[in-house]
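Undergrad: Got a predicted structure plus its sequence, pasted below:
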Amino acid sequence: MSIATFDRLLAQLRPGLTFMDTNMWRCVSAEERLIITLRFLARRNLFSSLHFEFRMGTSTIAGIVRATCATISLRLRAAVLPQPTRQQWLQIAQGFLERAQFPNHIGALDGKHIRVWKPPNSGSQFYNYEQFFSVVLLALADTNERFIIVDIRAYGSSADARIFQASRMGRWLQSNQLDIPQSAPLPGYFVPPSPYVIVGDEGFALLPNLMRLFPRQEFEKKTIG
């Protein structure tokens, strides 16, 4: 990260990272809090290694990282991941049409397992089918591979379809709260209009605005036939 980028990020986060010093305690500065958190996120350092690097207690560093991440989410979420408008959905659809020749396509949906240490007393909740502990990043991406909407809360043992149904993204889609454009004819056709769709793999269920691939076995049968 360049110094200029760090300074811009710090300027946006400083109000949430600045605390009042007292006669008994000098608070960790906003600069230090941000540096510690970025170092942890970029290098995946353990709190114990950051303890030696910054000469702070392990519990202090853990608290700084958690609080700073919460501040980043609170202050930058609206700017980094705003909920798309109808015009933005149309721009995304145009991108898929130009790059993939797929009309009325507004996003690719999938889940990604993020490896974590097993949380205490969690049993097998975080243990996934690939045989490691994880949380699931469920993401909707545009044609430039940029995230449009994300949900990062589900246990690794959960299936993508169940995660999607329980996520805010899934609830918004099923209750028509995503401001998705009205159905429109496909290029070269006048009727009937076709809905704008998100595309997922065979693990997801069909919805009016969610298209899934053919199940792999069915596709192989059709190909062989």
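TA: Everything's here; your move.
Undergrad: mind checking the SS state of the spatially most central residue of the chain?
TA: For the chain, the residue nearest the mean C-alpha position is V150 (3.0 Å; Cα atoms, centre = their mean). Using DSSP: H, G, I helix; E, B strand; the rest coil, the structure places V150 in strand.
Undergrad: Was I right to think it contacts A141?
TA: No. Assessed by Cβ atoms under 8 Å, V150 is found out of contact with A141, at 9.3 Å. Placement of C-beta: from N, CA and C, glycine included.
Undergrad: So which residues of the protein form helices?
TA: 3-17, 30-43, 47-54, 58-80, 86-100, 160-166, 168-174, 216-224 (DSSP state H).
Undergrad: of the ones you listed, which approaches Q125 most closely?
TA: Among the helices of the chain, the nearest to Q125 by Cβ to Cβ is helix 160-166 (12.8 Å).
Undergrad: list the buried ones in that closest one?
TA: Judged by neighbour count using 16 or more other Cβ atoms under 10 Å, the buried positions of helix 160-166 are 160-161, 163-165.
Undergrad: That one packs against which elements?
TA: In terms of contacts (3 or more Cβ pairs under 8 Å, 6 or more residues apart in numbering; DSSP states H and E), helix 160-166 is packed against strand 105-115, strand 134-141, strand 147-155.
Undergrad: starting at the chain centroid, how far to that helix?
TA: Offset of helix 160-166 from its chain centre (Cα atoms, centre = their mean, to the nearest Å): 14 Å.
Undergrad: pLDDT averaged over that helix - what is it?
TA: Across helix 160-166, pLDDT averages out at 86.
Undergrad: which residues touch the nearest residue to I36 once chain neighbours are set aside?
TA: Distance criterion Cβ to Cβ, 6 or more residues apart in numbering; nearest residue to I36, sequence neighbours excluded, is I64 at 5.4 Å. Taking Cβ atoms under 8 Å, 6 or more residues apart in numbering, we find I64 in contact with 28, 33, 36-37, 56.
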